[in-house]
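# Here is a sequence together with a model predicted from it:
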Amino acid sequence: PRSPFRCQSGMKGQAPSLLLLLLAWRPARGAEQQCQLSDQRYAGVTVTVVALQEKGGVNLENLYVRAREFENFTGAVVDFVQRDVRPSGDNPSLAAEVFADAGKVETGCNGAGVYQGYVIKGNQVPDLVQCGGIANLSTQVEQSQTWSDLDWADVATAIRQGTSTYDSKVYSLPIDADYMATVVREDLAGNTTLDTWEQWVAFAESQNGTDMNGDGKPDHGACIALGPAGHFSVFGVLMAIAAPHLQLGGTSQGAFFNTDTLEPKLTAAAMSQIYPDAPSSFSFETALALYKRLVDVAVPGVSAKDAWDYFKNGSCSTWISLPGFVYKTQDTKFGTTNMLTRNVPNATMARVEAPGVPCPSRSTCPYASDTSSGLVSRAPFLATSGFGFAISSKASAIQQQLLFELFTYVSAPEQSNPDVQEWTVSDPFRLSQLDNETIADLVERGWDEPVARQYLEVVDATLNHPNAALDLRVPGLGLYMSSLLDATDGYVHGTARRRRAESADAACEAA
């Protein structure tokens, strides 16, 4: 915590919220003595939460630390069913476990209803709401004193929209922000301009086949997730390139559908109807051709985790990934600001703003930026939007209240601000996590001040961009993702392992 919390034996005036009591109870980091204040309001109440694992793989260790603090103070028992983002042994993935319990549109909404709480991705909310599997938290957020504890206005608007709300109601509390982060080998790029996706792909092509890590073997222009097919990280890379080609007029317009007709923005006719003055380059076909070029110079058939390992080894000139992997590579506690290459010790990385598309005028692209390449329209893509906490609609009233207070405690800035630096799955999602004090905290962790400042500037430009593109959030999301990837697979990969598309235009029509 940024300010020490003192133990208090009593409080005067209005009964404080649970968060204030917890802060009063919890000793400052490094304190030798535990506070004795405790209200035990949930003694005898047990809840079970389906969550990312505590250790190893992709984990959410901060949730377990905070849950133990909450248990000690309130007397609650918080049990966890721990799952990884991918299936592991006999265990299903986190998403599969959540959908099996809360219901999923594609499988008929037949949820078991055994558990009380869930860690979910923002783009999973519509499915869960459609199946009636998660509770509407709007009343508690609006009427409870927890509103001020949660500091709702401090959460980036795009995260509130993409993770927490659906149909103007609150269904989850945020703990993370996810988007497609764009990273480049700074030592290789030098002064190369990377404002547009055309420039990004051309740079990757220029580096492909060269030895980038000194092992005497040709390396790759790009590290991106390419398998398993249909996974959100594959869909995310494609849509990171497509979003600025499809969304010009602000977040509310969306990157997927004409909001008036619900026609997909995947054909030239659909785009010309929405943006009659936009050049033909603003099209899914243009984006798909760029994606194919990037795939052609990428490490073949790797997962997001594998792509991360290849980049750390210095084997790629560019990298597109979720931000947790990027932070873990940059942070001096986990890695180093130099790449982990044995033969090129001076190799460095830089996180940069998401590239965009050249635009002729501000009347066509009202949120475009002036760059050395001219006017460029960007639309950083918030893939999945990030992790949040949801509560089962089948949990009892006391269990729902317990979990609401627990999740508020974990999400509140007093806990989450230090947590997004200490643990890598929770990435900055609040405005207060992007300020100068955070830069000082990162420098104290060992970051160079210019690197820390650039990191937070890029995160800020992503989360608070007026044209940020939200991920697809509809019931039956998995069918939409797999259908789009299926329809374009033949063109992109040049194989007949799914439908064969002979051209980008045919792929767009199929999609």
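That came through, no problem. Residues are numbered from 1 along each chain as shown.

# List the residues that contact the residue nearest to residue 107 when sequence neighbours are not counted.
Spatial nearest neighbour of residue 107, excluding adjacent residues (Cβ to Cβ, 6 or more residues apart in numbering): residue 99 at 7.2 Å. C-beta: built from backbone N, CA, C; applies to glycine. Contact analysis of residue 99 by Cβ atoms under 8 Å, 6 or more residues apart in numbering lists 107, 111, 124, 127, 128.

# Filter those down to just the ones in helices.
Per DSSP state H, helices hold the following members of those: 127, 128.

# now, among the contacts of residue 99, which is nearest to residue 292?
Ranked by distance to residue 292 (Cβ to Cβ), the contacts of residue 99 are led by residue 124 at 28.7 Å.

# Find the residue closest to that closest one in space, skipping its chain neighbours.
Leaving aside its chain neighbours, residue 124 sits nearest to residue 95 (6.6 Å; criterion: Cβ to Cβ, 6+ apart).

# What values do phi and psi take at that neighbour?
For residue 95, the backbone dihedrals (degrees, to the nearest 10) come out as phi -60, psi -40.

# That one: what's it in contact with?
Residue 95 is in contact with 85, 120, 121, 124, counting by Cβ under 8 Å, 6+ apart.

# Identify each buried residue in the lengthiest helix in the chain, please.
For the chain, the longest helix by residue count, based on DSSP H, is helix 477-493. Within helix 477-493, the residues that count as buried by 16 or more other Cβ atoms under 10 Å are 477-478, 481, 484-493.

# can you check stretch 245-256 too?
By neighbour count with 16+ other Cβ under 10 Å, stretch 245-256 contains the buried residues 245, 246, 247, 248, 249, 251, 253, 254, 255, 256.

# do stretch 52-64 as well
52, 53, 58, 59, 60, 61, 62, 63, 64.

# For that stretch, give me every contacting residue.
With Cβ under 8 Å, 6+ apart, stretch 52-64 has contacts from 51, 80, 82-85, 88, 94, 119, 175, 324, 387, 410, 415-416, 419, 422-423, 425-426.

# starting at the chain centroid, how far to that stretch?
Distance of stretch 52-64 from the chain centroid (Cα atoms, centre = their mean, to the nearest Å) equals 16 Å.

# Now do the end-to-end distance for it.
Using Cα to Cα, to the nearest Å, the end-to-end distance of stretch 52-64 comes to 10 Å.

# pLDDT on it, on average?
Mean pLDDT, stretch 52-64: 87.

# and if you look at stretch 377-387?
95.

# list the buried ones in that stretch?
Buried residues in stretch 377-387, counted by 16+ other Cβ under 10 Å: 377, 378, 379, 380, 381, 382, 383, 384, 385, 386, 387.

# Distance check, the third one against residue 224.
For residue 379, the distance to residue 224 equals 18 Å [Cβ to Cβ, to the nearest Å].

# Also the fourth one?
According to Cβ to Cβ, residue 380 and residue 224 sit 16 Å apart.

# re earlier: so which of the buried residues of stretch 377-387 belong to strands?
Judged by DSSP state E, the buried residues of stretch 377-387 include 377, 378, 381, 382, 387 as members of strands.

# Find the nearest non-adjacent residue to the fourth one, please.
Okay, so that is residue 382. Excluding its sequence neighbours, the residue lying closest to residue 382 (Cβ to Cβ, 6+ apart) is residue 179, at 4.6 Å.

# residue contacts, that neighbour?
Residue 179 makes contact with 322, 323, 354, 380, 381, 382, 383, 462, 463, 468, according to Cβ under 8 Å, 6+ apart.

# Show the pLDDT at it.
pLDDT, residue 179: 96.

# With residue 432 as the reference, measure out to it.
To residue 432, residue 179 is 19 Å away according to Cβ to Cβ.

# Give me the residue ranges of the stretch 1-150 of the chain where confidence is low.
For the stretch 1-150 of the chain, applying pLDDT under 70 flags the ranges 1-38, 144-147.

# please redo it, this time with the cut-off set to 90
For the stretch 1-150 of the chain, the stretches with pLDDT under 90 are 1-39, 54-60, 85-89, 105-108, 110, 139-150.

# could you show me where the helices are in the stretch 251-400 of the chain, in order?
For the stretch 251-400 of the chain, the helices defined by DSSP state H, counting those that start in this stretch cover 268-274, 284-296, 304-312, 323-330, 397-411.

# Pairing partners for residue 134 in the sheet, please.
residue 392 (DSSP bridges).

# any idea how far residue 85 is from it?
Using Cβ to Cβ, residue 134 is found at 19 Å from residue 85.

# Which of these two has more residues huddled nearby?
More crowded of residue 134 and residue 85, by other Cβ atoms under 10 Å: residue 134, with 27 against 22.

# Return the residues in contact with that one.
102, 118, 120, 125, 128, 171, 172, 390, 391, 392, 393.

# With neighbour count and distance to residue 289 as extra columns, can I get the residues you listed in JSON lines?
Shown next, in JSON lines, are the contacts of residue 134 (neighbours: other Cβ atoms under 10 Å; distance: Cβ to Cβ, whole Å):
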{"residue": "102", "neighbour count": "28", "distance to residue 289": "39"}
{"residue": "118", "neighbour count": "27", "distance to residue 289": "39"}
{"residue": "120", "neighbour count": "27", "distance to residue 289": "34"}
{"residue": "125", "neighbour count": "26", "distance to residue 289": "33"}
{"residue": "128", "neighbour count": "28", "distance to residue 289": "36"}
{"residue": "171", "neighbour count": "26", "distance to residue 289": "37"}
{"residue": "172", "neighbour count": "29", "distance to residue 289": "36"}
{"residue": "390", "neighbour count": "27", "distance to residue 289": "38"}
{"residue": "391", "neighbour count": "27", "distance to residue 289": "44"}
{"residue": "392", "neighbour count": "27", "distance to residue 289": "44"}
{"residue": "393", "neighbour count": "19", "distance to residue 289": "45"}
